[in-house]
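S.K.: sequence-free structure coming up:
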């Protein structure tokens, strides 16, 4: 018997590869001579970086970022073998599983850490991005991400707006005076939903 296992992650409990390995183990208990291959799979949320990066022969990167509630968090993204394509998932830096139930309020959660991952990838030479936007705890319209890249999203007093969706109602102007210069050489972005 031959089998290929490709299963999405089980949110908050098993990654795609862990779930696939568990299924593989079950098959091999029954069919001792089976040939079973496990391949990563994701839907744009949790597990997308691992699935695409490993599946395409890339390398995982770990960076300390600002989590959805403003605390420091470790996040992973991938750089593909071409050295210029980064795989980023919002859920790694701003994911719903990073926020306790009692604090799940998109008025106060930010995408700032997503921008920090993108900035790190840009500094490592990436100019093309695949961004998985599933599994997010945020609804700030990408304001935090843009702030991390150096955009000024300013209130009427010229200060950066607050983290979270609450910052959207404070927004009066956007500036690019402090945008990281490498963004000028990052011509494309793709979105996975």
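M.R.: Structure received. Here the structure is a predicted model, which is why all the values come from computation and not from measurement.

S.K.: So this structure: which segments form each domain?
M.R.: Domain segmentation of the chain under automatic domain parsing yields 1-41, 43-192.

S.K.: among those domains, which is the most enclosed?
M.R.: Each of these was scored by mean neighbour count; the highest is domain 43-192, a mean of 19, by mean count of other Cβ atoms under 10 Å. C-beta here means a position set from N, CA and C on the backbone, and glycine is covered the same way.

S.K.: Just put the domains of the chain in CSV and tack on mean pLDDT.
M.R.: As requested, the domains of the chain are exported to CSV (pLDDT from 0 to 100):
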stretch, mean pLDDT
domain 1-41, 92
domain 43-192, 92
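
S.K.: Is the residue lying closest to residue 163 once chain neighbours are set aside part of a helix or strand, or is it coil?
M.R.: Leaving aside its sequence neighbours, residue 163 sits nearest to residue 110 (Cβ to Cβ, 6 or more residues apart in numbering; 3.9 Å). Secondary structure for residue 110, judged by DSSP: H, G, I helix; E, B strand; the rest coil, is coil.

S.K.: got the contact list for residue 110?
M.R.: By Cβ atoms under 8 Å, 6 or more residues apart in numbering, residue 110 lies in contact with 66, 68, 69, 70, 94, 138, 140, 143, 144, 163, 164.

S.K.: switch to 10 Å and redo it
M.R.: Residues in contact with residue 110, defined by Cβ atoms under 10 Å, 6 or more residues apart in numbering, are 66-70, 93-94, 137-138, 140, 143-145, 147-148, 162-165, 167.

S.K.: Thanks a lot, see you next time.
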